[in-house]
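Q: How does the following fold in three dimensions:
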Amino acid sequence: MSEAIQINPSALEDPWSVPLSELDPSQPSVFQTNSQFALFDRLRAEDPVHFHETGLFGPYWSITKFNDIMAVDKDHKRFSSDAGITLTERQADFTTPNFISMDPPKHDVQRKAVTGVVAPMNLSKLEPIIRQRAVTILESLPHGTQFNWVDAVSIELTTQMLATLFDFPFEDRRKLTYWSDMATSGELAGGPTPEADRRAAMLECLEYFQRLWREREGVPPEIGIDLISMMANNPNTQDMDPMEYLGNLILLIVGGNDTTRNSITGGLLFLSENPDQYAKLKANPELINSMVPEIIRYQTPLTYMRRTALEDVTLSGKTIKKGDKLAMWYVSGNRDDEVIDRPNEFIIDRANPRHHLSFGFGIHRCMGNRLAEMQLRLLWEEILNRFEHIEVVGEPERVQSSFVRGYSDLQVIVHPK
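A: This is a model prediction of the structure:
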């Protein structure tokens, strides 16, 4: 991480009051204080392809408008993922490559090895499992007593789902949450976790999963829902380097955990902040189907993805040089009023709610997008079946990250029917 100065507090309070050079959305404090939207409003209005000379993670370009982001995301021949998907530079002595941070052809064969886990047939098998778990979790919640929704519901449902996808020992499932949090909270990425602690946790994760790999080597999955067996028995992945295995594990854990869990929390928060939409939902539960993608747009659980230019490219009148890194700010593109009508409003009955950037585009589009939507849909169906209202008490606590837009605490009280 560079020695760039911390962001000017005035830029958080009023981004229009400081020079553009002082705006750096890669600073975790921007998102931890939920100050990002006015900052991105200004960047989209004045310099939608903006070069930050002194970013926290070194010089980079901010791509902030919907159509520009989509153009970069779809153009993997000129904008590479091979140097990584975050602005943090890889550490030569601890590199964990994974298929989302690879270019074709290696990306394609590794992704194909695991994509079957979310094939339509497997999603249909998973649906009753997810519903039953949602019911069990919701039935266990205390009534009339304040508790942390993030831990009791969001983390628990998504961690149980991850344990199923990996056929991971269920009693140890909270290890998956711990490893996910450690992977994304390192100090080199602007988080609170010392790098030595993060590495130790990642190696613990690798050791655990190597044991599972050895147990399943030569034993293909019977029902098609076991990511470890898929990798251990596919010719394109069975000889994977251990650190590459770790990289893919962390990708699948974070992708299946942080994203859905923060949308579960965000959805409840947005309904609390918009009681008219909550009333609309209770009056017409079928609106869950359009509300779910609206939650995912409005939350944007991963704020950006990085690309690196493979050649000089002109984008919206700016020349991006070969080797420059770019942040495609999904969280900004999802609030672009030139593409999305009334983007700063949470509207659960939008006409085209899936027109958003949260899952990305092109070859790296999130492979678990339908599974994420299904988890949210089933959870909200069961919430409406048994609770008259879920009351949010106080403000949420947000995580210290500019990559994961997440929550650590949301205090609530549930009111049964």
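Q: Ser80: how many residues sit nearby?
A: Ser80: 18 surrounding residues under other CB atoms under 10 Å. Yep, even glycine has a C-beta here, placed from its N, CA and C like the rest.
Q: Where does pLDDT dip in this protein?
A: The chain contains residues with pLDDT under 70 at 1-7, 102, 220-224.
Q: redo that, cut-off 80
A: 1-12, 92-93, 95, 97-103, 105-110, 113, 116-118, 219-225, 256-259 (pLDDT under 80).
Q: Next SSE downstream of the lengthiest helix in the chain?
A: When the chain is parsed with DSSP state H, its longest helix is helix 242-273. Downstream of helix 242-273, the next assigned helix or strand under DSSP states H and E is helix 275-283.
Q: on contacts alone, who are the packing partners of the helix or strand just after that following helix?
A: With elements assigned by DSSP H and E, the helix or strand that comes after helix 275-283 is helix 288-299. Counting contacts by 3 or more CB pairs under 8 Å, 6 or more residues apart in numbering; DSSP states H and E, helix 288-299 packs against helix 242-273, helix 275-283, helix 369-386.
Q: Looking at those, which is nearest to His143?
A: helix 369-386 (10.2 Å; CB to CB).
Q: quick one, the closest one and helix 275-283 angle?
A: When axes from the mean of the first three to the mean of the last three CA atoms, to 10 degrees is applied, the directions of helix 369-386 and helix 275-283 differ by 80 degrees.
Q: Summarise which helices and strands helix 369-386 is packed against.
A: helix 120-139, helix 156-166, helix 242-273, helix 275-283, helix 288-299.
Q: between those, which gets nearest to Ala92?
A: helix 242-273 (11.9 Å).
Q: related to what we said a few turns ago, looking at the helices and strands packed on helix 288-299, which is buried most?
A: A comparison of the helices and strands packed on helix 288-299 by mean neighbour count, using mean count of other CB atoms under 10 Å, puts helix 242-273 on top with a mean of 23.
Q: quick one, strands of this structure?
A: Using DSSP state E, the strands of the chain run over residues 49-52, 60-63, 79-80, 147-148, 304-309, 313-315, 318-320, 325-329, 387-392, 397-398, 407-409, 411-416.
Q: Once you drop chain neighbours, what's closest to Thr300?
A: Closest residue in space to Thr300, ignoring its immediate chain neighbours: Val331 at 4.2 Å, by CB to CB, 6 or more residues apart in numbering.
Q: how far away is the one you found from Cys366?
A: 15 Å (CB to CB, to the nearest Å).
Q: State the phi and psi torsions of Glu89.
A: Main-chain dihedrals, Glu89, degrees, to the nearest 10: phi -80, psi 140.
Q: which residues touch it?
A: Contact analysis of Glu89 by CB atoms under 8 Å, 6 or more residues apart in numbering lists 57-58.
Q: Near Val118, how many residues? Count them for me, please.
A: 20.
Q: these two touch, right, it and Leu371?
A: Yes. With contact defined as CB atoms under 8 Å, Val118 reaches Leu371; the gap is 5.1 Å.
Q: about what we covered before: can you put the helices and strands packed on helix 369-386 in CSV and add distance to Ile340?
A: Converted to CSV, these look like this (distance: least, CB to CB, whole Å):
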stretch, distance to Ile340
helix 120-139, 27
helix 156-166, 27
helix 242-273, 15
helix 275-283, 16
helix 288-299, 8
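Q: Which one of those helices lies nearest to Thr33?
A: Of all those, helix 242-273 comes closest under CB to CB, at 15.4 Å.
Q: quick revisit: neighbours of the residue nearest to Thr300, just the number please.
A: Considering only other CB under 10 Å, Val331 is surrounded by 24 other residues.
Q: I'd like the distance between it and Met291.
A: From Val331 to Met291 the distance is 19 Å (CB to CB).
Q: go on, Ile347?
A: Ile347 is 9 Å from Met291, where distance means CB to CB.
Q: So for these two, which residue has more residues nearby?
A: Using other CB under 10 Å, the more surrounded residue of Ile347 and Met291 is Met291, with 27 against 19.
Q: Just confirm the more buried one contacts Tyr278, I think it does.
A: No. With contact defined as CB under 8 Å, Met291 does not reach Tyr278; the gap is 10.2 Å.
Q: so Ala134 touches Leu157, yeah?
A: Yes. With contact defined as CB under 8 Å, Ala134 reaches Leu157; the gap is 6.1 Å.
Q: what touches both of these two?
A: Here Ala134 and Leu157 have Leu379 as joint contacts, going by CB under 8 Å, 6+ apart.
Q: check contacts around Pro25.
A: Residues in contact with Pro25, defined by CB under 8 Å, 6+ apart, are 36, 39-40, 43, 62, 303, 327, 329, 332, 402.
Q: and if you look at Leu87?
A: By CB under 8 Å, 6+ apart, the contact list for Leu87 reads 26, 55-58, 60, 304, 306, 325, 327, 402.
Q: any chance of these in TSV, plus neighbour count?
A: As requested, the contacts of Leu87 are exported to TSV (neighbours: other CB atoms under 10 Å):
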residue	neighbour count
Ser26	27
Gly55	21
Leu56	25
Phe57	23
Gly58	16
Tyr60	22
Tyr304	28
Arg306	23
Lys325	22
Ala327	28
Ser402	28
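Q: Could you identify the most distant pair in those residues?
A: So, the contacts of Leu87 by CB to CB: farthest apart are Gly58 and Tyr304, at 14.8 Å.
Q: neighbouring contacts of stretch 111-121?
A: 99-100, 122, 165, 224-227, 230-231, 234, 236-237, 248, 252, 367-368, 370-371.
Q: List buried members of those by neighbour count.
A: Buried members of the contacts of stretch 111-121, scored by 16 or more other CB atoms under 10 Å, are 99-100, 122, 165, 225-227, 230-231, 234, 237, 248, 252, 367-368, 371.
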